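>>> curious how this folds, go ahead:
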Amino acid sequence: MVSVRVVYCRPCGYLDRAIKLARDVLSELGYAGVMVTLVPGSNGVFDVYVDDKLVFSRHEEKRFPESSEIIGIIKATVTLAKST
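The predicted structure is shown next:
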């Protein structure tokens, strides 16, 4: 099981972005045992964690993630887990 956590800024109105990302990830990888959790935050946060490891930070990147890049990171994580 791969755990994905999206921490989004609720006051900033980022919920729709978080839901879209979760929907895209689950549509693409839900069959592979990927679980997505949305966590409300504040202060402009939009961070994505895969198995508790920060893989994307809106603050650091100065942009929002594309669903395809997060899906690619998750696929790499799943592949690494299967090979070990």
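
>>> which parts of the chain are strands?
For the chain, strands defined by DSSP state E occupy the ranges 2-9, 34-41, 46-50, 53-57.

>>> parallel or antiparallel, which strands does the third one pair with?
The reference is to strand 46-50. Here strand 46-50 is paired, per DSSP bridges, with strand 2-9 (antiparallel), strand 53-57 (antiparallel).

>>> outside of it, which residues touch it?
Outside strand 46-50, the residues within contact range by CB atoms under 8 Å, 6 or more residues apart in numbering are 2-9, 14, 17-18, 21, 41, 54-59, 64-65, 70, 73-74, 77. Any C-beta I mention is one placed from the backbone N, CA and C, and that applies to glycine too.

>>> any idea what residue 47 is bridged to?
Going by DSSP bridges, residue 47 is paired in beta bridges with residue 7, residue 57.

>>> per-residue confidence at it?
Here the pLDDT value assigned to residue 47 is 98.

>>> how near is it to residue 33?
Separation of residue 47 from residue 33 (CB to CB, to the nearest Å) stands at 22 Å.

>>> so between the two, which is more surrounded?
Using other CB atoms under 10 Å as the criterion, residue 47 and residue 33 rank with residue 47 on top: 19 against 11.

>>> where in the protein is pLDDT low?
Within the chain, the stretches with pLDDT under 70 are 79-84.

>>> CA atoms of the longest helix seen in it as PDB?
Counting by DSSP state H, the longest helix found in the chain is helix 67-83. Extracted C-alpha coordinates of helix 67-83, given in PDB (Å, rounded to 0.1, in the frame of the first residue of the first chain):
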ATOM      1  CA  SER A  67      -1.000  15.500 -11.700                       C
ATOM      2  CA  SER A  68       1.200  13.700 -14.200                       C
ATOM      3  CA  GLU A  69       4.400  14.500 -12.200                       C
ATOM      4  CA  ILE A  70       2.900  13.300  -8.900                       C
ATOM      5  CA  ILE A  71       1.600  10.200 -10.600                       C
ATOM      6  CA  GLY A  72       5.100   9.600 -12.000                       C
ATOM      7  CA  ILE A  73       6.700   9.900  -8.600                       C
ATOM      8  CA  ILE A  74       4.100   7.500  -7.100                       C
ATOM      9  CA  LYS A  75       4.700   5.000  -9.900                       C
ATOM     10  CA  ALA A  76       8.500   5.200  -9.200                       C
ATOM     11  CA  THR A  77       7.800   4.600  -5.500                       C
ATOM     12  CA  VAL A  78       5.600   1.600  -6.300                       C
ATOM     13  CA  THR A  79       8.200   0.200  -8.700                       C
ATOM     14  CA  LEU A  80      10.900   0.600  -6.100                       C
ATOM     15  CA  ALA A  81       8.800  -1.100  -3.400                       C
ATOM     16  CA  LYS A  82       8.100  -4.100  -5.700                       C
ATOM     17  CA  SER A  83      11.800  -4.500  -6.500                       C
END
